[in-house]
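In: sequence below, structure please.
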Amino acid sequence: MNNLVKMRKEGIGSYFHFENDQELLKDSTIDLNFNYKICYTGRHALLHILNEVTSSKQVSKIWFPNYYCQHTLHWIKKFHPVIHTYDVNPFEFPAEINISNFADSNDVVLINNYWGLSTMPKKSTATGAPLVIEDHSHGWLSKACLNSEADYCFVSLRKSLPIPLGGMYWQPNSSTNDIIHSKKNNNDLYEAWDLMVQAMKLKSKYVDGDETIETSTYLPLFYDVEEALNINSDFAELLDDHEDFIRSFINLDTKQLKNNNLDVLYSEIQDTPYFKVVKRPDHTAFGLLLLFKDEKEFNSLKSFLVSNGVYPSSLWPDNKIDYEWRYFLNLHIDFRYTTEDMEYIIETINKWLNNI
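Out: A predicted model of the protein is given here:
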């Protein structure tokens, strides 16, 4: 690996900017083998499913894992306020969750595909088994996602694709999708889409070298969209041009492109006394996942990365779990980034290790 690898102007991480869909899709596409519906966000997809289920059968309890996106859970509780939780370790993947240990026949259980590494349960053949919903937002295109045996699945597409907004839901092994789409307009969601488009365009100009654009020009717009999504709670009919935009990237094989970058990183980044690399053989992780047991060391590396233009995410730190190793850092390694970018990440982490 060459010394002093050059850092890209916009850094590594943060929000997507506009991409050339034809260029991206030229060598990396995948066919989807299920009948899906598109909506504006993953949380709307989940709410569509929950509303459909609770209107068609008597539901006793809705179960969520105790480690889950706090924003989505808070939003869902506006409509389904009584949520029960079950224990899960989001960093270990020894076997599938045995939902019969806590859920009854009239219950609904949400199972999260953690970072694309989880083992999802097989379809139960028992009479009166709980209904299962799977969230593949951080495991898009994983084997568990593409070969699910759940009753319903959903995903937040904008975590993986360069689109302003986008979610999807489907019923595995079903040739139809009977969930009713919303037919009403929602100007707040349409405005959030437009604001995200504006932010993505400004970031594209910044990436292309427009000296009139600074990060402070577009980042507040991204933050405003996130806040709007947390507040807005109405469904919306998906506008045709918005759906066309989402579909233009829907077959992008993001997993293949991640694998290339992870191979580079895993060849150099190993477990240390300070962090573990969260990974699993024959699985593609959502990013470079580092797990710490010491909060000071976690914050130290996070700050060092940010100071060197690498912007990691701390996935759901508000969740309180009683594990020795629990401080979790995700480094973005998606299709935007090259082997040289991965070498820069390796170089930056090694500098931190040499000075800690």
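In: so the residue positioned nearest the centre of the chain is in which element?
Out: In the chain, the C-alpha nearest the mean C-alpha coordinate belongs to residue 138, at 3.5 Å (CA atoms, centre = their mean). Using DSSP states H and E, residue 138 maps to neither a helix nor a strand.
In: that one and residue 157 touch, don't they?
Out: No: contact criterion CB atoms under 8 Å: residue 138 and residue 157 do not qualify, at 11.9 Å. Yep, even glycine has a C-beta here, placed from its N, CA and C like the rest.
In: contacting residues for residue 136?
Out: 113, 142, 144-145, 148, 153-155 (CB atoms under 8 Å, 6 or more residues apart in numbering).
In: give me that answer again for 10 Å
Out: 42, 111-113, 116, 118, 120, 142, 144-146, 148, 150, 153-156, 160, 168, 170 (CB atoms under 10 Å, 6 or more residues apart in numbering).
In: ok, back up a step: identify the residue nearest the residue nearest to the centre of the chain in space, chain neighbours excluded?
Out: residue 286 (4.5 Å; CB to CB, 6 or more residues apart in numbering).
In: ok, the one you found - how many residues close by?
Out: Using other CB atoms under 10 Å, residue 286 has 26 other residues around it.
In: shaky segments in the stretch 51-200 of the chain?
Out: 125, 175-183 (pLDDT under 70).
In: all helices for it, in order.
Out: With DSSP state H, counting those that start in this stretch as the criterion, the stretch 51-200 of the chain has helices at 70-76, 143-146, 187-207.
In: for residue 260, find the nearest of these.
Out: helix 143-146 (17.9 Å; CB to CB).
In: please identify the buried residues of the closest one?
Out: Of the residues in helix 143-146, 144-146 count as buried by neighbour count, 16 or more other CB atoms under 10 Å.
In: list the contacts of that helix.
Out: Residues contacting helix 143-146 (CB under 10 Å, 6+ apart): 30-34, 96, 111, 113, 116-121, 134-137, 139-140, 150, 153, 155, 172, 255, 282-284.
In: can we see that at 6 Å?
Out: 113, 120, 136, 139 (CB atoms under 6 Å, 6 or more residues apart in numbering).
In: Throw those into CSV and include distance to residue 220, thanks.
Out: Shown next, in CSV, are the contacts of helix 143-146 (distance: CB to CB, whole Å):
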residue, distance to residue 220
113, 32
120, 38
136, 30
139, 31
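In: of those, select the buried ones using a PyMOL command.
Out: Of those, the buried ones go into a single PyMOL selection, burial set by 16+ other CB under 10 Å:
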select buried, resi 113+120+136+139
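In: only alpha carbons, please: show the helix or strand hosting residue 306 as PDB.
Out: Assigned by DSSP H and E, residue 306 belongs to helix 295-307. Taking C-alpha atoms only, helix 295-307 is exported to PDB below (Å, rounded to 0.1, in the frame of the first residue of the first chain):
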ATOM      1  CA  GLU A 295     -16.100   4.200  25.300                       C
ATOM      2  CA  LYS A 296     -13.100   6.500  25.500                       C
ATOM      3  CA  GLU A 297     -11.300   4.500  22.800                       C
ATOM      4  CA  PHE A 298     -14.400   4.400  20.700                       C
ATOM      5  CA  ASN A 299     -14.700   8.200  20.900                       C
ATOM      6  CA  SER A 300     -11.000   8.600  20.300                       C
ATOM      7  CA  LEU A 301     -11.000   6.700  17.000                       C
ATOM      8  CA  LYS A 302     -14.200   8.300  15.900                       C
ATOM      9  CA  SER A 303     -12.800  11.800  16.500                       C
ATOM     10  CA  PHE A 304      -9.600  10.900  14.800                       C
ATOM     11  CA  LEU A 305     -11.400   9.600  11.700                       C
ATOM     12  CA  VAL A 306     -13.600  12.700  11.500                       C
ATOM     13  CA  SER A 307     -10.500  15.000  11.800                       C
END
